[in-house]
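K.L.:
got a sequence here, can you build the structure:
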Amino acid sequence: MRELRYTLLADGPADRALMPILTWLLRQHLPGWAIQPQWADLWQLPSMPNKLHQRIIASTDFYQCDLLFIHRDAERASLVDRLDEARKAIEKVAQVKEIPPSIAVVPVRMTEAWLLFDADAIREAADNPNGAARLDLPRLNRIERISDPKNMLHSLIREAAELGTHRRSRFRVRHRVHRVSEYIEDFSPLRELTAFANMENEIKRMIQSQGWGDQADVTGNG
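P.N.:
Prediction:
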């Protein structure tokens, strides 16, 4: 079995939730391959690099891989601007060292938006899989227009937990965000979103350009 090892360089620790999504996509387009994810935990360094190109250098210094994913939340910037920012950072690094093939990951507006479509996964992450509380999830075609998807996801996880006032005050919701993505088995609904579709197309182009695996179009398979 062939193996592909990728590294995710993300904005913050909570964005580790992207890893199940990236692994799912790679398995969709590299069936039969062993996908080995790793997290660029630069927060353990004595001094965290500030600039994006510096973080790319640090990631490639400490985490060898076949493919590097560079995450930036769109936030108030446009998808195009964030993609251009990543491209320029990659080009700057390439002037001083060799780096692995790289793909930008830019959720609109932020990572949490891509986790707002699966009520069952939210209940599982809240440790209440059989809960009866109604979870008012946004329509998928509106997700990229939500101003604060992080706050919405946190609220949904709290509602799904169905805890009393005392236990709710001790409920650490931030540590459960990454668990939502771990419980989602099928990310294909996100193909309706422009940013997600753009990233998947980049992955397909990268696989083709690197000569990895079978290039059969598996779009639509879960």
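K.L.:
show me where the chain has helices.
P.N.:
Taking DSSP state H, the helices of the chain run over residues 18-29, 52-62, 79-94, 119-125, 149-161, 165-169, 177-183, 194-210.
K.L.:
can you list the low-confidence ranges for this protein?
P.N.:
Low-confidence segments of the chain (pLDDT under 70): 166, 214-222.
K.L.:
okay, now the domains of it?
P.N.:
Taking automatic domain parsing as the domain assignment, the ranges for the chain are 3-108+193-210, 113-181.
K.L.:
among these, which is nearest residue 187?
P.N.:
Checking the domains of the chain against residue 187 by C-beta to C-beta gives domain 3-108+193-210 as the closest, at 5.1 Å. For the C-beta atoms, the positions are set from N, CA and C on the backbone; glycine is no exception.
K.L.:
gap between the two ends of the closest one?
P.N.:
With C-alpha to C-alpha, to the nearest Å as the measure, domain 3-108+193-210 spans 14 Å from end to end.
K.L.:
and for stretch 26-35?
P.N.:
OK, stretch 26-35 end separation, C-alpha to C-alpha: 7 Å.
K.L.:
and what of stretch 40-48?
P.N.:
Terminal residues of stretch 40-48 are spaced 12 Å apart (C-alpha to C-alpha).
K.L.:
what of stretch 129-143?
P.N.:
Distance between the two ends of stretch 129-143: 23 Å, counting by C-alpha to C-alpha.
K.L.:
list the buried ones in that stretch?
P.N.:
131, 135, 138, 143 (16 or more other C-beta atoms under 10 Å).
K.L.:
list the contacts of it.
P.N.:
With contact meaning C-beta atoms under 8 Å, 6 or more residues apart in numbering, stretch 129-143 is reached by 113-114, 116-117, 119-120, 122-123, 146, 149, 152, 156, 159-162, 189-190, 192-193.
K.L.:
who's in contact with residue 45?
P.N.:
When contacts are counted by C-beta under 8 Å, 6+ apart, residue 45 touches residue 58.
K.L.:
how much space separates residue 177 from residue 18?
P.N.:
Residue 177 sits 11 Å away from residue 18, going by C-beta to C-beta, to the nearest Å.
K.L.:
and for residue 62, the neighbour number?
P.N.:
When neighbours are defined as other C-beta atoms under 10 Å, residue 62 has 14 of them.
K.L.:
same deal with the one 5 residues further on?
P.N.:
Taking other C-beta under 10 Å as the neighbour definition, residue 67 ends up with a count of 21.
K.L.:
next one: residue 94
P.N.:
Neighbourhood size, residue 94 [other C-beta under 10 Å]: 13.
K.L.:
how close does residue 162 sit to residue 80?
P.N.:
To residue 80, residue 162 is 41 Å away according to C-beta to C-beta.
K.L.:
just residue 90 next, same as before
P.N.:
Noted for residue 90: a distance of 16 Å to residue 80, by C-beta to C-beta.
K.L.:
okay, these two: which has more neighbours?
P.N.:
residue 90 (19 against 11).
K.L.:
show me what contacts the closest residue in space to the more buried one that isn't next to it in sequence?
P.N.:
Using C-beta to C-beta, 6 or more residues apart in numbering and skipping the chain neighbours, the partner closest in space to residue 90 is residue 102 (5.2 Å). Shown in contact with residue 102 (C-beta under 8 Å, 6+ apart): 56, 67, 68, 69, 70, 86, 90.
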